[in-house]
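> dropping the sequence and predicted coords here.
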Amino acid sequence: MIHMSVPDFVKEKIAIRIAGEITLGDKPGEALRKWRKLFGIPQIELAKFLNVSPSVISDYEGGRRESPGTKMIKKLVNALITIDEMRGGEGLKMIAKLVGTDLPADIILDMREFSRPVPIRELIEVTEAKVLANEDLIDRPVFGYSIIDSIEAIKKLSGNEFSRLFGLTTERALIFTKVTTGKSPMVAVRVSIFKPSLVMLHKPENVHPLAIELARIERIPLALVGVEPKEELIERLRSIK
């Protein structure tokens, strides 16, 4: 017997989120690929469930086939959810927890999920950042970012709540503002079960050597944001399509 991993109304909320991103995004194929990977479902398994050739899924994701219509999007979304439930619902549990997160506005200054995988290099260029550690990893993709008031986060979040900063995926950039040396954010990352793909520090007074060393140990690129006002930083990141 398969037990429901999350309530029906939460599954509906997740389905609407996925369908909306595929339908309204500039690149529906990349949005579909992102969600399929978030659930950890191979193309061939999704294709088999839908009774189509794997090349159909590949063509949708690669933009080689016309954007799927409403009926097909509904089938794709339902398939992702159903397959995950058949596996035990772990993907749904993770996504349900994060979709329902309501963090105070004074902790999260901005949070966004990209409609495509964005290379770390692109975020570095857009924010005029300087890479301090692991520059060899900046071609890795991220699927979103969170801009965090580090002081408020330290005051109000316990260690167990750190994962709430990740939005829908840990494959994202965590951008910390109001940092003095960057040591505290990197210590938090070090002890957390979840690891971001990129850590960025917004205008610290100086960068503590330990922050750089921890980034190297964790193999997480660490970068120093070059854009001064937080408002401009947010505007630049939101310009990424």
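Noted; the coordinates are in hand.

> max-length strand in the chain?
Criterion DSSP state E: the longest strand present in the chain is strand 108-119.

> only C-alpha atoms, please: export that one in PDB.
Backbone C-alpha positions of strand 108-119 (Å, rounded to 0.1, in the frame of the first residue of the first chain) are rendered in PDB as follows:
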ATOM      1  CA  ILE A 108      15.200  36.900   3.500                       C
ATOM      2  CA  LEU A 109      15.700  40.100   1.400                       C
ATOM      3  CA  ASP A 110      15.000  38.300  -1.800                       C
ATOM      4  CA  MET A 111      14.500  34.700  -3.000                       C
ATOM      5  CA  ARG A 112      14.000  33.400  -6.500                       C
ATOM      6  CA  GLU A 113      14.000  30.200  -8.400                       C
ATOM      7  CA  PHE A 114      15.400  30.400 -12.000                       C
ATOM      8  CA  SER A 115      13.500  28.900 -14.900                       C
ATOM      9  CA  ARG A 116      16.800  27.400 -16.200                       C
ATOM     10  CA  PRO A 117      20.100  26.200 -14.800                       C
ATOM     11  CA  VAL A 118      22.300  29.300 -14.500                       C
ATOM     12  CA  PRO A 119      26.100  28.900 -14.400                       C
END
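
> how about the contacts made by residue 226?
Contacts were defined as CB atoms under 8 Å, 6 or more residues apart in numbering; by that measure residue 226 touches 127, 128, 129, 130. (C-beta placed from N, C-alpha, C; glycine too.)

> out of the residues you listed, flag the one nearest to residue 116.
Taking CB to CB as the measure, residue 116 sits nearest to residue 127 out of those, at 18.0 Å.

> isn't that closest one right up against residue 227?
Yes. Here residue 127 reaches residue 227: they are 5.3 Å apart, a contact under CB atoms under 8 Å.
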